[in-house]
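*Asks:* below: sequence and its predicted model.
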Amino acid sequence: MSDLQPQDTSPPPRRRGLKIALAVSLALNLAIVGLAAGFALNYGGPKEGGPPRLAAMGLGPFALALSREDREALRDRVASDGGEILHAERREIGHALRDVEQALLANPFERDAVEAALARSRRAAEAMQASGHGALLDYVEEMSPAERAELAENLRRMLRRFGGARR
C-alpha cells in the first residue's frame with residue numbers, strides 16, 4: 001500500500017471574508033427589522049375599534065406637521081365621521097392581500113386573479129385616502145389664518161427635514 005498519500009492534517013484555510021460577509025448581512029438584517037418594527041410602532045395600523053392612523057389615510061406629511069392636539073382632533077373627526085368605513089376598507093385590503101398570497105401559490109399562475117385582488121386593494125386604499133383628505137380639508141377650513149400659516153410653516157420644515165422640499 002505504498003500508493004497511499006499522506007493525509008493533510010492542517011486545518012482548512014480560514015474563511016475570513018465569509019465571516020465578515022455573514023456579520024455584515026446579520027447587521028443589515030437587524031437594522032431592517034429594527035426599522036420595520038419602529039415604523040410599525042409609530043405609524044402602524046390602529047387596533048380594531050381604535051382611532052385610525054393618519055398616515056394610513058394618505059396624511060403622512062400632515063401627521064408630522066400637525067401638533068399632537070391637532071392630530072388627535074383630526075383622528076377623532078375621522079373616527080366619528082366614518083371610522084367604521086375605514087376599518088372596513090382596512091379589512092378589505094387585508095382580504096385582498098390574502099387573495100394575492102393564494103394566487104401567488106397557485107399553479108399555474110393566474111395573473112388575472114392577482115390583478116383583481118390588487119385592484120380591490122387599490123380601491124380600498126384610495127377610499128381611505130379620500131376620506132382622510134376630506135377630513136383634513138374640513139379641519140383646515142375651520143382653522144384661523146394664523147393656524148393655517150403655522151401648519152404651512154410646520155409642513156415646510158418637515159418637508160425640508162426629510163428632503164422633500166426644494167430650496
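*Replies:* Arrived safely, thanks for sending.
*Asks:* which strands and helices sit next to the lengthiest helix in the chain?
*Replies:* In the chain, assigned by DSSP state H, the helix with the most residues is helix 68-105. On a contact count with 3 or more Cβ pairs under 8 Å, 6 or more residues apart in numbering; DSSP states H and E, helix 68-105 meets helix 111-141. Just so you know, the C-beta spots here come from the backbone N, C-alpha and C atoms, and that holds for glycine as well.
*Asks:* buried stuff in the helix it packs on?
*Replies:* Of the residues in helix 111-141, 114, 117, 120-121, 124-125, 127-128, 131-132, 135-136, 139-140 count as buried by neighbour count, 16 or more other Cβ atoms under 10 Å.
*Asks:* and the angle for that helix with helix 68-105?
*Replies:* Put simply, helix 111-141 runs at 170 degrees to helix 68-105, going by axes from the mean of the first three to the mean of the last three Cα atoms, to 10 degrees.
*Asks:* report the rounded mean pLDDT for helix 111-141.
*Replies:* Here helix 111-141 scores 89 as its mean pLDDT.
*Asks:* and the next helix or strand past it?
*Replies:* helix 145-161 (DSSP states H and E).
*Asks:* and that next one, how far from the chain's centre?
*Replies:* 24 Å (Cα atoms, centre = their mean, to the nearest Å).
*Asks:* which helices and strands sit right next to it?
*Replies:* helix 60-65.
*Asks:* can you name the residues in contact with the helix it packs on?
*Replies:* Residues outside helix 60-65 that contact it (Cβ atoms under 8 Å, 6 or more residues apart in numbering): 43, 53-55, 71, 74, 136, 151, 154-155, 157-159, 164.
*Asks:* give me that answer again for 7 Å
*Replies:* Applying Cβ atoms under 7 Å, 6 or more residues apart in numbering, the contact partners of helix 60-65 are 54-55, 71, 136, 151, 154-155, 158-159.
*Asks:* give the PyMOL command for selecting the buried subset of those residues.
*Replies:* In PyMOL, this line selects whichever of these come out buried by 16+ other Cβ under 10 Å:
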select buried, resi 54+55+71+136+151+154+155+158
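*Asks:* returning to that earlier point: can you tell me which of the buried residues of helix 111-141 is closest to residue 79?
*Replies:* Checking those against residue 79 with Cβ to Cβ, the nearest one is residue 135 at 9.5 Å.
*Asks:* now do the contacts for the residue lying closest to the closest one once chain neighbours are set aside.
*Replies:* The spatial neighbour of residue 135 that comes closest, neighbours along the chain excluded (Cβ to Cβ, 6 or more residues apart in numbering), is residue 78 at 4.6 Å. By Cβ under 7 Å, 6+ apart, the contact set of residue 78 is 52, 57, 86, 131-132, 135.
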